[in-house]
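Novice: Need the 3D shape of this:
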Amino acid sequence: MKTALLFGVHAHQPAGNFPEVLDQAHELSYRPFLETLYRFPAFRFAAHFSGPLLDYLLERYPGDMLLLRKMVARGQVEFFGGGDTEPVLAAIPHRDRVSQLIALSEKLERTLGAAPTGAWLTERVWESAVVPALVESGTRYVTVDDYHFLCAGKTVTELDGYFTTEESGARIDLYPISEALRYRIPFAPAAEAVEFIAAQPGAAIYFDDIEKFGIWPETHEWVYGKGWLEAFVRGVVESDRIETLTFREHRARAASRGIVYLPTTSYIEMNEWTLPAPAAHDYAALVAREKEAGRYEAEKPFLRGGIWRNFMSRYPEANWMHKRMLQLSERVAALPRGAPADALRRLLHLGQANDAYWHGLFGGLYLPHLRRAVYAALVGLEARLDAIAPRPPRRRTDLDGDGVEELFLQNGELQAVVKLDGSASLVELDAYALAQNFGDTLRRHAEHYHRTALEAQGSQHDRPGIASAHERVRFKHAVSAEDLVPDAQARTIFRDAWVDAAGNVRPLGGYELAPYGSLEHAASFVGPCDAGRIEKLVLVQGSRVTVTWFIEAAHAGTFRTELNLAMPSCDGYAGRYILNGEIPCGFGQPLDAAAVTELVLDDQFMGGAVAVLCSAPAAVHARPHLTVSQSEDGFEKIMQCATVTLAWSLAAGRHELSAALKIVKHG
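Specialist: Down below sits the predicted model:
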């Protein structure tokens, strides 16, 4: 009896990714992959394209999409659905799961001629709660890792077909993706991979990133230049021990292997990435001990690590973004009939794209342009919702569930969100005309891989083929121990400190909310300062937010406030400081200046600017805020925001200072 090869590829680029990145991905992987497989009609396979990537390819490369449509028509390709903007379904409400799944299904049928019956789960994150939405949207089967089944007590030898599960009576079938195949394709020699498949009983199931076929480091030359893909496909179709089937064809032929209930999990690497650094260190040490003892393969289902949702508790920035998304999802759901729901839902879907919410070898929380894409959708959605169902100018709530309330101040042009944690600083500053959150940055977090960055001297492998991205250790930038020191506090806007005459820096963290009087768009705070007292007033007015401090200083010293401003250009050429009508440098360079009353942060990519206006001349100290992260390309430093510190030297006594951020839209 022949082995049934169920071969699937997943194609995805994050919403908000740069066009040149998408073009390169198409040139290195998508186009040559499709062109190669088009020449082998007998090689059946499944394909999943995320919605934003599919939209881009249909517009930019219609000829290649026509190849795909022809392969569908001749029965060679089966499309898999999923959430349109590639959300983690478990992390969004049921109503949005259904609308996301239906949106991609309808798009596939409308543009490429076939509606899917199978679905790809983003990052293979499994929670049984997603089953009812999958079934309601027309999905009949999904693929998850064989690791998921091992965690449920199954053995590898049992995983040569599909199983059935249910949630609240909604029933769906589950296909286990072979980890052994994921690590062989396309990294092992083609003949070796074909032989491994031929030796499998029942079905050999593969479903993984198409980017492994040309985009991952070294893979383009290996897969196409040296002919790995063609050799593999020829080997499969010419084998008398293998037949390729679509998942739909296989499911029509074969019966379910029985009922199964899977635990909440993702792929095994993800379960490590979700852990905080200390726990990840312990987990990695445990795994290393078990491998050394020869027990790991037998015990790995029970060494499970964390779950995907841990990213929300690990990274306050991801949690805040997620809870803002849920807040707006509720507002969309509450709209009266007749509201432009489709357009609003499209923005909500874009705000649910998974990549910016997590971090690992492939996650994008550390990438500012991906977070900006999410916030652009959410801020744009909020502006439209406010036009339909206006909000009050002030609202106090603990949105992110961290036990500390936030105060939302908005006037239709700007929104300032003040954290009531004693800092009286802004965690979010939205300019609706620019769809920009200037508070969208990331503090330096301790990461498990930082230890590797300091210890690694390179990597070697002594087996045939090429190295997987999981095995590579490379450096795009030099990394020092100083680069890896975690931030002691969040990177917010208008975070204050007092520097005494001896140079000791004392963060001002005792602000308490005071009565705000008749000003609807303002908040007043009172706190201690150098054995004295300070009042801080935050006012949203027109296109600017102004902070005024009334300081009673017991001694001479320096008062300073720190502005962590997310500028879309980061250290790119389109972002620059303007001081006294001149351009001293870009955001990626240091800037020091004395007696400044106006400093402009101009961002041509954003199409606007932020003018920092001071009531009294201030010393300015500006630096790029950099974090160190790891991707498939190696360790790299990424600019998260421009950190601009304003400082005033004060004598003992009473003082009044103010600083305003005026938002300007070009053109």
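
Novice: Where does I663 fall, secondary structure wise?
Specialist: Using DSSP states H and E, I663 falls within strand 653-665.

Novice: and E290, what does it touch?
Specialist: Contacts for E290 were tallied using C-beta atoms under 8 Å, 6 or more residues apart in numbering; they are Y296, E299, K300, L303. Using the backbone N, CA and C atoms, a C-beta is placed for each residue, glycine as well.

Novice: ok, the last one to V287 distance?
Specialist: Translated: L303. Distance from L303 to V287, counting by C-beta to C-beta, to the nearest Å: 6 Å.

Novice: Now for those two: what residues contact both?
Specialist: Residues touching both L303 and V287 (C-beta under 8 Å, 6+ apart): Y296.

Novice: What helix or strand is L6 located in?
Specialist: Taking DSSP H and E as the definition, L6 sits inside strand 3-11.

Novice: cool, and E636?
Specialist: Using DSSP H and E, E636 sits within strand 634-650.

Novice: Measure how that strand sits relative to strand 653-665, angle-wise.
Specialist: Counting by axes from the mean of the first three to the mean of the last three C-alpha atoms, to 10 degrees, strand 634-650 lies at 140 degrees to strand 653-665.

Novice: Which secondary structure elements does strand 634-650 sit against?
Specialist: Helices and strands in packing contact with strand 634-650 are listed as helix 368-388, strand 557-565, strand 591-603, strand 608-631, strand 653-665; criterion 3 or more C-beta pairs under 8 Å, 6 or more residues apart in numbering; DSSP states H and E.

Novice: Next, the buried residues of it.
Specialist: Of the residues in strand 634-650, those buried under the neighbour-count criterion (16 or more other C-beta atoms under 10 Å) are 634-636, 638-648, 650.

Novice: quick one, what contacts E292?
Specialist: If you count contacts by C-beta under 8 Å, 6+ apart, E292 has none.

Novice: got the residue ranges for the helices in the stretch 51-200 of the chain?
Specialist: Applying DSSP state H, counting those that start in this stretch to the stretch 51-200 of the chain gives helices spanning 51-60, 62-73, 94-112, 131-136, 146-151, 179-184, 190-198.

Novice: export the ones you listed to a markdown table and tack on mean pLDDT, distance to D571 and mean neighbour count?
Specialist: Below are the helices of the stretch 51-200 of the chain laid out as a markdown table (pLDDT from 0 to 100; distance: least, C-beta to C-beta, whole Å; neighbours: other C-beta atoms under 10 Å):
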| stretch | mean pLDDT | distance to D571 | mean neighbour count |
| --- | --- | --- | --- |
| helix 51-60 | 97 | 25 | 18 |
| helix 62-73 | 95 | 34 | 16 |
| helix 94-112 | 97 | 34 | 19 |
| helix 131-136 | 98 | 41 | 20 |
| helix 146-151 | 96 | 39 | 22 |
| helix 179-184 | 94 | 36 | 18 |
| helix 190-198 | 97 | 42 | 19 |
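
Novice: So for A522, which of the ones you listed sits nearest?
Specialist: A522 sits nearest to helix 94-112 of all the helices of the stretch 51-200 of the chain, at 34.8 Å, using C-beta to C-beta.

Novice: chain center to the closest one: distance?
Specialist: Helix 94-112 has its C-alpha centroid displaced from the chain centroid by 21 Å (C-alpha atoms, centre = their mean, to the nearest Å).

Novice: try stretch 134-153
Specialist: Going by C-alpha atoms, centre = their mean, the spacing between the C-alpha centre of stretch 134-153 and its chain's C-alpha centre is 23 Å.

Novice: so which of the buried residues of strand 634-650 comes closest to I534?
Specialist: For I534, the nearest member of those is L650. The distance, counting by C-beta to C-beta, is 11.1 Å.

Novice: didn't the closest one look like it was pressed against A554?
Specialist: No - between L650 and A554 there is no contact under C-beta atoms under 8 Å: 10.9 Å.

Novice: just to revisit the earlier point, restrict the strand holding E636 to CA atoms and write it as PDB.
Specialist: Once non-C-alpha atoms are left out, strand 634-650 reads as follows in PDB (Å, rounded to 0.1, in the frame of the first residue of the first chain):
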ATOM      1  CA  GLY A 634      20.300  36.700  13.600                       C
ATOM      2  CA  PHE A 635      20.700  39.100  16.500                       C
ATOM      3  CA  GLU A 636      20.000  42.700  15.700                       C
ATOM      4  CA  LYS A 637      19.500  46.100  17.200                       C
ATOM      5  CA  ILE A 638      16.200  47.800  16.400                       C
ATOM      6  CA  MET A 639      15.300  51.400  17.100                       C
ATOM      7  CA  GLN A 640      12.000  51.600  19.000                       C
ATOM      8  CA  CYS A 641      11.600  55.300  19.500                       C
ATOM      9  CA  ALA A 642      13.300  58.700  19.900                       C
ATOM     10  CA  THR A 643      14.000  59.400  23.600                       C
ATOM     11  CA  VAL A 644      14.000  63.200  24.100                       C
ATOM     12  CA  THR A 645      14.900  64.500  27.600                       C
ATOM     13  CA  LEU A 646      14.100  68.100  28.500                       C
ATOM     14  CA  ALA A 647      15.900  69.500  31.500                       C
ATOM     15  CA  TRP A 648      15.600  72.800  33.400                       C
ATOM     16  CA  SER A 649      18.100  73.900  36.100                       C
ATOM     17  CA  LEU A 650      16.100  75.400  39.000                       C
END
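
Novice: what's the burial count for A284?
Specialist: The local packing count at A284 equals 17, with neighbours defined by other C-beta atoms under 10 Å.

Novice: Could you look up the SS state of the closest residue to L508 other than its chain neighbours?
Specialist: Setting aside the residues directly before and after it, L508 is nearest to D496 in space (C-beta to C-beta, 6 or more residues apart in numbering), at 4.2 Å. On the three-state scheme (DSSP: H, G, I helix; E, B strand; the rest coil), D496 is labelled strand.

Novice: Was I right to think D496 contacts G510?
Specialist: No - counting by C-beta under 8 Å, D496 does not reach G510; the two are 10.5 Å apart.
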